[in-house]
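Chemist: here is my input; please provide its structure:
(chains A and B)
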Number of protein chains: 2
Amino acid sequence: MSAEKTAAKKGKDSGARRELVALGESVIKDIQKGQNPKIELSVRGLSNVVYDKESKTLGLGDKTAQRFFFNVAHAKKFLQTIEIAAICKTLLDVDKHASLRDVFYMAKRTIPNTKTNVVDEQTESDKAIEDLELITDFSRENLNVNANKMGSVAGKVVIEDAGDTIDWSKLGSGGWSVPSNVENIKFKKVEAKYVIYMEKAAVWERLHEDKFWAKQNCIIMSSQGQTTRGIRRLLQRLSKEHKLPIYVLADNDPWGWYIYSVLKFGSISLAHMADAMAIPEVKFVGITCDDVLNYDLKRHFIKLTEQDVRRLKQMQKYEWFEKHKGWQRQFKMMKDFGAKVEIQALSSKGISFISEKYLPEKIKRQEFLD
Amino acid sequence: MSAEKTAAKKGKDSGARRELVALGESVIKDIQKGQNPKIELSVRGLSNVVYDKESKTLGLGDKTAQRFFFNVAHAKKFLQTIEIAAICKTLLDVDKHASLRDVFYMAKRTIPNTKTNVVDEQTESDKAIEDLELITDFSRENLNVNANKMGSVAGKVVIEDAGDTIDWSKLGSGGWSVPSNVENIKFKKVEAKYVIYMEKAAVWERLHEDKFWAKQNCIIMSSQGQTTRGIRRLLQRLSKEHKLPIYVLADNDPWGWYIYSVLKFGSISLAHMADAMAIPEVKFVGITCDDVLNYDLKRHFIKLTEQDVRRLKQMQKYEWFEKHKGWQRQFKMMKDFGAKVEIQALSSKGISFISEKYLPEKIKRQEFLD
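Modeler: This is a model prediction of the structure:
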């Protein structure tokens, strides 16, 4: 998927809508020719996920499959794909957005004169949407289907969105609530010099109260736990369109590190979307195992669980980490520690230690894992 | 806890700080008199939770307990309470806020010449903070300790917060991100006539995209799942200070209904905070079991799980629901259905059915469960 395409026009004029119409037309053409209607798409799943060493992101290989209407094994999926394509086209026609759950309910109906439903479970409509991402080469967000909204942002940035001009530096203690879909945001003025993305909302509130973004002239952004697609796209747009460096601040544990991995390289389940989602320029600011030593955080060790150790071993073997000396060193250190440390452990050194000492020092010394 | 107290001045001048200082002074007085230092506080836990039929909220009874320093069973808890009180006083002195997790790390240290830590688990510092809420009669938020931040808001309201003037009607598709602590927000202009609080962020985005708040002149607010304390306090302030009716929109299932119950009556675990948290004026707009019939949603039935049925039975017996005919009727209908329905099922009738038909109709007819 090309970056240009994802920054398409909205609603009726969008390229995504054109692709959906083209899909419908190709099926009609098959019918008119008296041929078995078919849809062609790339194979998803691990067997076709490849790590592209050049772009340094995950992506799909070139295995493709055809799905036929007159095929007992394909017919239902074929129908679901067409049905969801029609729903997405309607959304684009009326320029409205729906959640994944909404789309499921919009598709859920019984086929006349049968006892068969178009979809019975949301996983079916979700999969059809992923198929459409592949077929149209547009992300779900460009098909006007949104995931959950979460997260906040603050910093010296002015945007235009849904007719409003919004200054991210003038939103009190709350900040701007990041929507699930950020495709139509226009950046009017970007004064900030870099972005810190953190996994924890509580850390965001700490940095925000300390006016870290004003003192350092940066953007602070956070969701809670796994990064939402809205946040990932927003970070990517700031990276691609404004060349802002992006630093990830997460717990010193395999899950915190995985948040970084997903942001930078993409995730296996979204490999077909890597171009639209991965941000190869992302750097990890901490918490590293070296930080644990340098900032005397050993006394806040939390023993690794079996699950942690398993996750650590998996990550050690990921192709994109396997030959990375810096990360392999981190994995080994954590294993040797047998323990992990939370970001908030820094609070034991003073409530604003993180914003007054830890982060300014790390950023000044450019101490990043890349 | 009185409503006036919770709207106290901030930082050094706050009543909460005065109460903390008074606690310290009373302990010093005990010491100077050669008496065993003690702390007196109400007993928490079910044995002392009462439902006040007049105020229609949960609260604590009048059982109190004393905690002594020279008592092997009390000494550690005594120390923890004093230590956390000192941390809260420091936070108020420097006018900064910390998360519950931060406070845990700030308290976590080894007592000199021993192998004993002040706290080993966050539950210990959390409990000490709840104790301080009881002792000082101020909420955690007034002690500058915050829970997690979540949720968004939009509507015709202008506030002042942390030096910024923020117009909730001019924040694009994202809305204002609600902070964890809303005690210091000043309402400058409240044009909106009522509030719809919904449990799902996706439903919020639906209503927001449809400009429901502009058309209906209301406020739309949402967190995701259980309501955060920041949101609860914000709703309460809009109810108490601006007399806005508050309508809860949640799934047609025991968990959605419980979200309403907690907002209206308070929760058992926060019974000591009921005054500061419960909002007796809240009404339930839906999804009711009557809605399921009237809006033809039966075909989206999801079978109740064993857990759902258990939860339903529990709620049926809650003192505040026990004699409520309207709710008992709902509980019985759901039991008879043996099924629940999600809000998003309304999307099967059209993407904007909820904002163009369902909600306007229900609100016009004032069809609420109270």
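
Chemist: quick check: A:I196 vs A:E54, distance?
Modeler: As judged by C-beta to C-beta, to the nearest Å, A:I196 and A:E54 stand 28 Å apart. For the C-beta atoms, the positions are set from N, CA and C on the backbone; glycine is no exception.

Chemist: so between these two, which is more surrounded?
Modeler: A:I196 (24 against 5; other C-beta atoms under 10 Å in any protein chain shown).

Chemist: my guess is that one meets A:C218, correct?
Modeler: Yes: using C-beta atoms under 8 Å, A:I196 is in contact with A:C218, at 5.9 Å.

Chemist: any residues in contact with both of these two?
Modeler: A:F212 (C-beta atoms under 8 Å, 6 or more residues apart in numbering or on different chains).

Chemist: buried by neighbour count: which residues of the helix or strand hosting A:L235 qualify?
Modeler: Using DSSP states H and E, A:L235 sits within helix A:229-242. Neighbour counts using 16 or more other C-beta atoms under 10 Å in any protein chain shown place A:R229, A:G230, A:I231, A:R232, A:R233, A:L234, A:L235, A:Q236, A:R237, A:L238, A:S239 of helix A:229-242 among the buried residues.

Chemist: quick one: contacts for A:T165?
Modeler: Taking C-beta under 8 Å, 6+ apart, one finds A:V158, A:I159, A:K188, B:K170 in contact with A:T165.

Chemist: okay, now the unreliable bits of the stretch 251-370 of chain A?
Modeler: Applying pLDDT under 70 to the stretch 251-370 of chain A flags the ranges A:269, A:273-276.

Chemist: and the helices in it?
Modeler: In the stretch 251-370 of chain A, the segments counted as helices under DSSP state H, counting those that start in this stretch are A:254-265, A:274-277, A:289-294, A:306-317, A:319-322, A:325-337, A:353, A:359-364.

Chemist: pick the most deeply packed of those helices.
Modeler: Counting by mean count of other C-beta atoms under 10 Å in any protein chain shown, helix A:274-277 has the highest mean neighbour count of the helices of the stretch 251-370 of chain A, with a mean of 23.

Chemist: please state the offset of stretch A:156-174 from the chain centre?
Modeler: Centre-to-centre, stretch A:156-174 and its host chain are 22 Å apart (C-alpha atoms, centre = their mean, to the nearest Å).

Chemist: only C-alpha atoms, please: export it in PDB.
Modeler: Extracted in PDB, the C-alpha atoms of stretch A:156-174 (Å, rounded to 0.1, in the frame of the first residue of the first chain):
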ATOM      1  CA  LYS A 156       3.000  22.900  19.900                       C
ATOM      2  CA  VAL A 157       1.000  21.800  16.900                       C
ATOM      3  CA  VAL A 158      -2.100  23.400  15.300                       C
ATOM      4  CA  ILE A 159      -4.400  21.200  13.300                       C
ATOM      5  CA  GLU A 160      -7.600  21.500  11.300                       C
ATOM      6  CA  ASP A 161     -10.100  18.700  11.800                       C
ATOM      7  CA  ALA A 162     -13.800  18.400  11.000                       C
ATOM      8  CA  GLY A 163     -14.000  22.200  10.400                       C
ATOM      9  CA  ASP A 164     -12.300  23.200  13.700                       C
ATOM     10  CA  THR A 165      -8.900  24.600  14.200                       C
ATOM     11  CA  ILE A 166      -7.300  23.000  17.200                       C
ATOM     12  CA  ASP A 167      -4.200  24.000  19.100                       C
ATOM     13  CA  TRP A 168      -2.700  21.000  20.900                       C
ATOM     14  CA  SER A 169      -0.900  23.400  23.300                       C
ATOM     15  CA  LYS A 170      -4.000  25.000  24.600                       C
ATOM     16  CA  LEU A 171      -6.200  22.200  25.900                       C
ATOM     17  CA  GLY A 172      -5.700  22.400  29.700                       C
ATOM     18  CA  SER A 173      -4.800  19.200  31.700                       C
ATOM     19  CA  GLY A 174      -6.800  16.900  29.400                       C
END
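
Chemist: A:T123: neighbouring residues, count only.
Modeler: 10.

Chemist: hmm, I was thinking of A:E25
Modeler: A:E25, neighbours per other C-beta under 10 Å, totals 10.

Chemist: please, which helix or strand holds A:V27?
Modeler: Element membership for A:V27 (DSSP H and E) is helix A:15-32.

Chemist: and the residue nearest to A:S222 when sequence neighbours are not counted, how many neighbours?
Modeler: Take A:S222 and drop its neighbours on the chain: the residue closest to it by C-beta to C-beta, 6 or more residues apart in numbering or on different chains is A:W204, 3.7 Å away. For A:W204, the count of nearby residues is 28 (other C-beta under 10 Å).

Chemist: A:W204 touches A:Y197, doesn't it?
Modeler: No: judged on C-beta under 8 Å, A:W204 makes no contact with A:Y197 at a distance of 9.5 Å.

Chemist: which neighbours do the two have in common?
Modeler: By C-beta under 8 Å, 6+ apart, the residues touching both A:W204 and A:Y197 are A:M221, A:S222.

Chemist: strands along the stretch 101-250 of chain A, start to end?
Modeler: A:145-146, A:152-155, A:157-161, A:164-167, A:176-177, A:186-190, A:194-198, A:218-222, A:246-249 (DSSP state E, counting those that start in this stretch).

Chemist: could those go into JSON lines alongside mean pLDDT?
Modeler: Formatted as JSON lines, the strands of the stretch 101-250 of chain A follow (pLDDT from 0 to 100):
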{"stretch": "strand A:145-146", "mean pLDDT": "90"}
{"stretch": "strand A:152-155", "mean pLDDT": "97"}
{"stretch": "strand A:157-161", "mean pLDDT": "98"}
{"stretch": "strand A:164-167", "mean pLDDT": "98"}
{"stretch": "strand A:176-177", "mean pLDDT": "96"}
{"stretch": "strand A:186-190", "mean pLDDT": "98"}
{"stretch": "strand A:194-198", "mean pLDDT": "97"}
{"stretch": "strand A:218-222", "mean pLDDT": "97"}
{"stretch": "strand A:246-249", "mean pLDDT": "98"}
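
Chemist: do you know which of those strands lies nearest B:A278?
Modeler: Smallest distance to B:A278 across the strands of the stretch 101-250 of chain A (C-beta to C-beta): 25.9 Å, for strand A:176-177.

Chemist: show me what that closest one is packed against.
Modeler: For strand A:176-177, the packing partners by 3 or more C-beta pairs under 8 Å, 6 or more residues apart in numbering or on different chains; DSSP states H and E come out as strand A:152-155, strand B:176-177.

Chemist: just send those strands back as a markdown table, with mean neighbour count and distance to A:L249 too.
Modeler: Shown next, in a markdown table, are those (neighbours: other C-beta atoms under 10 Å in any protein chain shown; distance: least, C-beta to C-beta, whole Å):
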| stretch | mean neighbour count | distance to A:L249 |
| --- | --- | --- |
| strand A:152-155 | 28 | 14 |
| strand B:176-177 | 28 | 18 |
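
Chemist: make CSV from those and add distance to B:R310 to it.
Modeler: CSV is the format used below for these (distance: least, C-beta to C-beta, whole Å):
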stretch, distance to B:R310
strand A:152-155, 36
strand B:176-177, 35
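
Chemist: give me the helices and strands touching the helix holding A:V27, please.
Modeler: Using 3+ C-beta pairs under 8 Å, 6+ apart, helix A:15-32 sits against strand A:38-42, helix A:75-94, helix A:122-136.

Chemist: so what's A:Q344 up against?
Modeler: Here A:Q344 is in contact with A:K200, A:A202, A:V203, B:S99, B:R101, B:D102, B:F104, B:Y105 (criterion: C-beta under 8 Å, 6+ apart).
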